[in-house]
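*Asks:* Could you work out the structure for the sequence below:
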Amino acid sequence: MPENKIVLYIYRNFDSIIISLLAFFSILIFTGRNGIGISPDSIAYLSTARNIHQHHQMLDYNLQPLIAFPVFYPMFLSVVMFISGKDIVVAAAFLNALMMALLILLSSHVIKRCQLKSAWYRRILLLLLVFSPALTEVYGMLWSETLLLLFSLLFFLCLEKYLNHKSVFYLLLCAGIAGLATTTRYAGITLTGTAGLLILFAPGFNIRKKLGHLFLFSMVSFAFLVLNLLRNHVLGKSLTGPRQFGQTHVMDNISYYGKVLCNWFPVFNEQYTTGVITGLSVFVFLTFMFFYRCVRRQQYSSQQNITAAFVVVYSIFIIGISTLSHFEGINNRLMVPVFIPVLLAVSYWIPFWLSGLKPLARKTGIVMLTLFLLLLQYKIIVHLEEMYRDAVDNGIPGYTDNSWKNSSTANFLAAHPGFLNSGYKIYSNAHEAVYFNAGGLRADEIPQRVYKDYTEAFYKEGIHYVIWFNQIDDPELISLPDILKHRKLLHTYKFRDGRIFLLCNPKA
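*Replies:* Numbers count the residues shown, from 1 in each chain. All right, here's what the predicted structure looks like:
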């Protein structure tokens, strides 16, 4: 009977369900002041979701095809809008709280698959996830990582089934999940890389069958990405939008990578050298453990091996792409897909180690471990308390915090939608905020310094507006003095936190 299965599931997972409810309410409390956190990326997602829901078109806030980001997450948000009947900004806090609860339940299943006898170890790890600043930051924002993390854990569970049974069904299921993850965030391609690595070295597999499964998996998982990229090329003449070459040295990226790890487990400082040593140590250790299990053929299909392989693949990807391409530095958001895998892969051995000790040594080990966990949890709680205090007082940092809620420039434009002449083009140093905070106005971004042709064309344009927010300091954009130097000022509208300029070509 289905009812009996539900009761049995609740009985077997009662502790995990309680902890997941704690996670659910923690996100609701965190987002309670001003709602979900909104970043520039979030506005691309939510505007596209709105256009899908209202007009059945995959267009962003400037009514342009969404190219810079994969398409699945906005589609997912539009489905949430359809089901809930609410705008995604209103529904997002509840949605993310629900996804955080699901993350805890899936994490519990992944930990159980490590065949650990200690329920307390699993509960401690789950509580570390609930009170983790790393996950709280991500699930407090409207970001695609919230969905990517769920796909990752589902993928790990299905991949274990495949490695144990060599079933085509589970192979295709893994490929489908990996494909959806890739079209949620391009970093999801690391799931495909992880499966390829594990299939390639899998024991008990004849080479012909192994190559056949690799080919089938690759064809299915890459099909999602290829369709997304083909759509981008047809609609926008670009695969992923304009990208700049990398400007950060690989060793600096390794240091940033290590600093994020140090921040997750704050018992070390975050100096450059410490970051490099920590990053390399974790990477080398997990790489060694993966190949050790390959050679010894022990625990190959276990979750501790699958998560270790994922950390290795993802680490190579994120450090490599950050070195070759220029975007935001390696930070918690970019690294959060490996947060749970790292936590599991580097700590799963502790219960096994303790159980193998003699009684006196075991008690000593438990005391030392408890002291370490108390120190770790204390530092985490201090960090989390600061985040909660800031969120309660000012809102989550981003376009829903108090500084933007109280923006006199944005509020004036929202209250006077016909103030700007609709015949003139609008530019801004925060064009996403113009859409989100100023009543849905459409503005283009002020040119970036590296795009010389675009900058020259901007200077030679006829009459247009520039909405300038003082709180935005983006050194990659041309500066306000440069704009006023090359353009003729017709009029200025001054506000407490910004100005609106009406400009024209001085040679016209």
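*Asks:* residues in contact with Glu445?
*Replies:* Glu445 is in contact with 427-429, 431, 477, counting by Cβ atoms under 8 Å, 6 or more residues apart in numbering. For every residue, glycine as well, the C-beta is placed using N, CA and C.
*Asks:* Leu154 too?
*Replies:* 106, 177.
*Asks:* The residue lying closest to Ile29 once chain neighbours are set aside and Arg293, how far apart?
*Replies:* Closest residue to Ile29 apart from its sequence neighbours, by Cβ to Cβ, 6 or more residues apart in numbering: Tyr388 at 7.4 Å. Counting by Cβ to Cβ, to the nearest Å, the gap from Tyr388 to Arg293 is 40 Å.
*Asks:* Check Ala414 too.
*Replies:* Distance, Ala414 to Arg293, using Cβ to Cβ: 58 Å.
*Asks:* In the helix or strand hosting the residue nearest to Ile29, which residues are buried?
*Replies:* According to DSSP states H and E, Tyr388 maps onto helix 359-394. For helix 359-394, the neighbour count (16 or more other Cβ atoms under 10 Å) marks 380, 383-384, 387-388, 391 as buried.
*Asks:* List phi and psi for the residue lying closest to Leu477 once chain neighbours are set aside.
*Replies:* Closest residue to Leu477 apart from its sequence neighbours, by Cβ to Cβ, 6+ apart: Ile446 at 4.8 Å. Dihedral angles of Ile446 (phi, psi; degrees, to the nearest 10) stand at phi -60, psi 140.
*Asks:* neighbour count winner among Ala414 and Arg293?
*Replies:* A direct count of neighbours by other Cβ atoms under 10 Å for Ala414 and Arg293 places Arg293 higher, at 20 against 16.
*Asks:* host element of that one?
*Replies:* With elements delineated by DSSP H and E, Arg293 resides in helix 272-296, which encompasses its position.
*Asks:* which strands and helices sit next to that helix?
*Replies:* Where contact means 3 or more Cβ pairs under 8 Å, 6 or more residues apart in numbering; DSSP states H and E, helix 272-296 is packed against helix 250-264, helix 303-324, helix 339-345.
*Asks:* give me that answer again for 7 Å
*Replies:* helix 250-264, helix 303-324 (3 or more Cβ pairs under 7 Å, 6 or more residues apart in numbering; DSSP states H and E).
*Asks:* To Leu373, which of the ones you listed lies closest?
*Replies:* Of all the helices and strands packed on helix 272-296, helix 250-264 sits nearest to Leu373, with 14.3 Å by Cβ to Cβ.
*Asks:* packing partners for the closest one?
*Replies:* Helices and strands touching helix 250-264, as assessed by 3+ Cβ pairs under 7 Å, 6+ apart, comprise helix 272-296, helix 303-324, helix 332-335.
*Asks:* Compute the inter-axis angle for the second one and helix 250-264.
*Replies:* So that's helix 303-324. Interaxial angle, helix 303-324 versus helix 250-264 (axes from the mean of the first three to the mean of the last three Cα atoms, to 10 degrees): 130 degrees.
*Asks:* how about CSV for the helices and strands packed on helix 272-296, with distance to Asn4, mean pLDDT and mean neighbour count added?
*Replies:* Shown next, in CSV, are those (distance: least, Cβ to Cβ, whole Å; pLDDT from 0 to 100; neighbours: other Cβ atoms under 10 Å):
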stretch, distance to Asn4, mean pLDDT, mean neighbour count
helix 250-264, 41, 90, 21
helix 303-324, 28, 94, 22
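*Asks:* between these, which one is nearest to Gly365?
*Replies:* Closest of the helices and strands packed on helix 272-296 to Gly365 is helix 303-324, at 19.6 Å (criterion: Cβ to Cβ).
*Asks:* What lies in contact with that closest one?
*Replies:* Residues outside helix 303-324 that contact it (Cβ atoms under 7 Å, 6 or more residues apart in numbering): 110, 113-114, 156, 159-160, 187, 190, 193-194, 197-198, 246, 248, 250, 253-254, 257, 283, 286-287, 289-290, 293, 299, 330, 334-335, 337-338, 341-342, 344-345, 348.
*Asks:* What subset of those residues is buried?
*Replies:* 110, 113-114, 156, 159-160, 187, 190, 193-194, 197-198, 246, 248, 253-254, 257, 283, 286-287, 289-290, 293, 299, 330, 334-335, 337-338, 341-342, 344-345, 348.
*Asks:* What subset of the contacts of Glu445 is buried?
*Replies:* Among the contacts of Glu445, the ones that count as buried by 16+ other Cβ under 10 Å are 427-429, 431, 477.
*Asks:* What about these, which are in helices?
*Replies:* His431 (DSSP state H).
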